[in-house]
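Participant: Sharing a model prediction with you, sequence too.
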Protein chains: 2
Amino acid sequence: MSNSITFRTDTDGVTDPKGFFASAASADIRKKQNERLDTGVVYSTVPCAAAGVFTKNAVKAAPVLDCERVLRLRGPVHGVVANSGNANACTGTQGIADSLSMIRTAETASGSPRDSFLVCSTGRIGDLLPMDRITPVVHSVAEKAKDGEREGSLFANCILTSDTRKKTCTATFVVNGRTVTVGGAAKGAGMIQPNMATMLAFITTDIETDSETLQKILKESVKHSFNAITVDGDMSTNDTVLLLANGQSGVSLDETSVDLFSEALFQVCDCLADKIVADGERITKVVEIIIEGAANEREAENVSRAIGNSLLVKTSWYGNDPNWGRLMDALGYAEAQIDQYAIDINYNDVPALVAGNPVPENKPKWKEIVSKPRFTIRIDMNQGDGSFRLRASDLTEGYVDFNKSE
Amino acid sequence: MSNSITFRTDTDGVTDPKGFFASAASADIRKKQNERLDTGVVYSTVPCAAAGVFTKNAVKAAPVLDCERVLRLRGPVHGVVANSGNANACTGTQGIADSLSMIRTAETASGSPRDSFLVCSTGRIGDLLPMDRITPVVHSVAEKAKDGEREGSLFANCILTSDTRKKTCTATFVVNGRTVTVGGAAKGAGMIQPNMATMLAFITTDIETDSETLQKILKESVKHSFNAITVDGDMSTNDTVLLLANGQSGVSLDETSVDLFSEALFQVCDCLADKIVADGERITKVVEIIIEGAANEREAENVSRAIGNSLLVKTSWYGNDPNWGRLMDALGYAEAQIDQYAIDINYNDVPALVAGNPVPENKPKWKEIVSKPRFTIRIDMNQGDGSFRLRASDLTEGYVDFNKSE
């Protein structure tokens, strides 16, 4: 099935599907006068079906509350307005007003109906948005997008904070001679710059469908991509994944196309999620933790997260140290059914522990494996059929230095 | 009540109560030939009531399983044998045999009955104990303790791993002209040296009581002392708190003495717990997180741990950065009932957030407070009566460097 999907990375992303436009500019939100892009708009003339997955943090930023509100209305959606440099989180009622104002400005400038725009912010928590500088820029970029500018690449840049590179990719497939495109852009995880939060992802597609179906497929895709990564274990107030579908490919999401579309969407989500981990703050390694044989999927996830978030495990990866004792310690405090004398641990395909018995003669091989920038730890709990894959990073002195002050 | 308790720190600890003896020596467990003390025994000629609180990690080291077994027998206990440098964790059936062998050697050398010794190990995970070197040393130190050596201070040193100083304290109080003493020694938290685990605490007292009563009081004491600290959020395979009571003061634990004893025991536990955090690996700060007004105590604890274990919060403390946005983010993902517009945050007594509204004019004061080596963060959730106090440390580049390899 996935053989029929053409996948490319470092593309224009959100403007690759038919009928999507975008623009971005600098509103100098951080007041550094460096003309860094920080404000952008994605726009479709044709109304879209829309879906969103948001942070589970109980402290939600104003734009997250606004996205949830707009999606609940189930009306047609024409676009997204976004900014970096300020998260509009913990900003009280003024924050709610500012978020709504960004929506209204984008709608007015693009001639779109009320509550047809979604909104995302990322950056510093607790400061009010400089609306005097943001409003005119939102207006001008929304006009440019309406006038047909297709600067998906600029948009992908304007959402970055402490990311070191833009993150985009695009998948296409053909149904009855017609091409369907799914394009996406994301910004990094790790709580990013000092005071900065958020993972954001924006995905567009020209398939034809309704919001309800779109929501169901997006949720499933996010579960094993964006929700299966960890850099520092902190969950932000602003995490958002948005998906817009405008139908311009002429292909409907139906029994013929659903599997291909789901796979294409997952490939886009998974690629962006991987880029986020790989660009985590001052990390040097991406480690795939595969837990198998847990009592159920939930427990497999618990075990993978206990390992992927353990400071001792992460620092040992950084030090090229195949310290399986720390893996055992971390999985021991995960909420899961565990028999320490039934566990198998492998680094790539090299056993470290077999049914609870160490295999010390393999130590030189583990050492070689954990010295690489990417490797896999595969653990079989031998308790049941539950499995989960988590992508995690190491923890470096650079992370601490980077985050120790504003 | 606590006015009647005399409290001293940096004492001999476990040999301060009447009738307790101790000795320690080097078995060169780490094979570094530096004569570092690593093996010790605590001993009482008179049989003791005994209680213990252990790691909740599902992967338990062999000595932890042995302590639980001996305590379940409810027989008289005469002492404890302990070693540092090797945790005897993840060591399979040989580890179980080695742990039992340490018990038997101590019993034989001190002429004590079968299963009257408890055993603790701390250090590297996954390596077998060098029993050829340990057994003769356990034998000789147990003989010395039986012969009346009262080297509580040596014992306190022999359990240390990456700790930079010994941790002891002693509390006394008088009942009807008779002095009751509670003495303790502990070793550090943070998963200590590379591959090393464990917080251990040994407490002795000469009050007269039974094991069941002792267990109840110890459990309560541990809850708000040793179980209310965090350095790196990792829970070890070996964490153990043991309490022995030999009755040699001539004072019984009864209605007259129970409050004084409980308070004295808590002071000892709390002091040792504080010393553990303050000596955490390469930390520079101890931060007391006091959560009040949570829906219940459990949720208050969840909130305090989300904050105390957040890498972003801990690195900001290290950087003297009063970053309350990161506190809000962390409490937002704690499992607790939260209304972000009802929360008050104070640094010592200086408000940062009042009912969800920032108080930015106080920023210079917060900055001064978080620059100190000790400060308090007090958060009122305004949801109910639940409260919890957690002692946490900052996270430094030194921690990462220290733990990155063996």
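Facilitator: Received the coordinates, thanks.

Participant: Tell me how chain A divides into domains.
Facilitator: A:2-278, A:286-403 (automatic domain parsing).

Participant: Redo these as CSV? Include mean neighbour count, distance to residue B:12 and mean pLDDT.
Facilitator: To be clear about C-beta, it is placed using only N, CA and C from the backbone, and glycine gets the same treatment. Listed next are the domains of chain A as CSV, based on neighbours: other Cβ atoms under 10 Å in any protein chain shown; distance: least, Cβ to Cβ, whole Å; pLDDT from 0 to 100:
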stretch, mean neighbour count, distance to residue B:12, mean pLDDT
domain A:2-278, 22, 41, 92
domain A:286-403, 21, 32, 92
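
Participant: With distance to residue B:303 as extra columns, can I get those in TSV?
Facilitator: Converted to TSV, those look like this (distance: least, Cβ to Cβ, whole Å):
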stretch	distance to residue B:303
domain A:2-278	10
domain A:286-403	18
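
Participant: how about the closest residue to residue A:37 other than its chain neighbours, phi and psi?
Facilitator: Using Cβ to Cβ, 6 or more residues apart in numbering or on different chains and skipping the chain neighbours, the partner closest in space to residue A:37 is residue A:158 (3.8 Å). Torsion angles at residue A:158 (phi, psi; degrees, to the nearest 10) stand at phi -70, psi -20.

Participant: any idea how far residue B:175 is from residue A:158?
Facilitator: According to Cβ to Cβ, to the nearest Å, residue A:158 stands 73 Å off from residue B:175.

Participant: For the helix or strand encompassing residue A:261, enumerate the helices and strands it packs against.
Facilitator: If you go by DSSP states H and E, residue A:261 is part of helix A:258-278. Helices and strands touching helix A:258-278, by 3 or more Cβ pairs under 8 Å, 6 or more residues apart in numbering or on different chains; DSSP states H and E, are strand A:6-9, strand A:167-175, strand A:178-187, strand A:200-205, helix A:211-223, strand A:229-230, strand A:286-294, strand A:386-393.

Participant: Longest strand in chain A, please.
Facilitator: Secondary structure of chain A per DSSP state E: the longest strand is strand A:39-54.

Participant: Pairing partners for that strand, with directions?
Facilitator: strand A:20-25 (antiparallel), strand A:77-86 (antiparallel), strand A:240-245 (antiparallel) (DSSP bridges).

Participant: And these: which comes nearest residue A:266?
Facilitator: With Cβ to Cβ as the criterion, residue A:266 lies closest to strand A:240-245 of those, at 12.0 Å.

Participant: okay, the angle between that closest one and helix A:211-223?
Facilitator: Here the directions of strand A:240-245 and helix A:211-223 differ by 140 degrees (axes from the mean of the first three to the mean of the last three Cα atoms, to 10 degrees).

Participant: does the closest residue to residue A:94 other than its chain neighbours sit in a helix, a strand or a coil?
Facilitator: Leaving aside its chain neighbours, residue A:94 sits nearest to residue A:128 (5.7 Å; criterion: Cβ to Cβ, 6+ apart). Here residue A:128 is recorded as coil under DSSP: H, G, I helix; E, B strand; the rest coil.

Participant: which residues sit in contact with residue A:128?
Facilitator: Residues in contact with residue A:128 (Cβ atoms under 8 Å, 6 or more residues apart in numbering or on different chains) are A:88, A:91, A:94, A:95, A:98.

Participant: how close does it sit to residue A:90?
Facilitator: 10 Å.

Participant: Repeat that for residue A:241.
Facilitator: Residue A:241 sits 22 Å away from residue A:90, going by Cβ to Cβ.

Participant: and stretch A:118-125 with chain B, contact?
Facilitator: Yes. Against chain B, stretch A:118-125 shows contacts by Cβ under 8 Å from any Cβ of the partner chain at A:124, A:125.

Participant: again, but for stretch A:358-368
Facilitator: Yes. Using Cβ under 8 Å from any Cβ, stretch A:358-368 comes into contact with chain B via residue A:358.

Participant: Could you tell me how far that stretch lies from the centre of the chain?
Facilitator: How far stretch A:358-368 lies from its chain's middle: 35 Å, per Cα atoms, centre = their mean, to the nearest Å.

Participant: thinking again about what came up before, from memory the residue nearest to residue A:37 sits against residue A:38, does it?
Facilitator: Yes. Taking contacts as Cβ atoms under 8 Å, residue A:158 lies within contact range of residue A:38: 5.8 Å.

Participant: what is in contact with these two at once?
Facilitator: Both residue A:158 and residue A:38 are contacted by A:83, A:84, under the criterion Cβ under 8 Å, 6+ apart.

Participant: and the stretch 1-150 of chain A, which residues reach chain B?
Facilitator: Within the stretch 1-150 of chain A, the positions adjacent to chain B are A:56, A:57, A:58, A:59, A:60, A:89, A:90, A:92, A:124, A:125, A:126 by Cβ under 8 Å from any Cβ.

Participant: Switch those residues over to a markdown table; also include secondary structure.
Facilitator: Compiled in a markdown table, the residues of the stretch 1-150 of chain A next to chain B are given as follows (three-state DSSP):
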| residue | secondary structure |
| --- | --- |
| A:56 | coil |
| A:57 | coil |
| A:58 | coil |
| A:59 | coil |
| A:60 | coil |
| A:89 | coil |
| A:90 | coil |
| A:92 | helix |
| A:124 | strand |
| A:125 | coil |
| A:126 | coil |
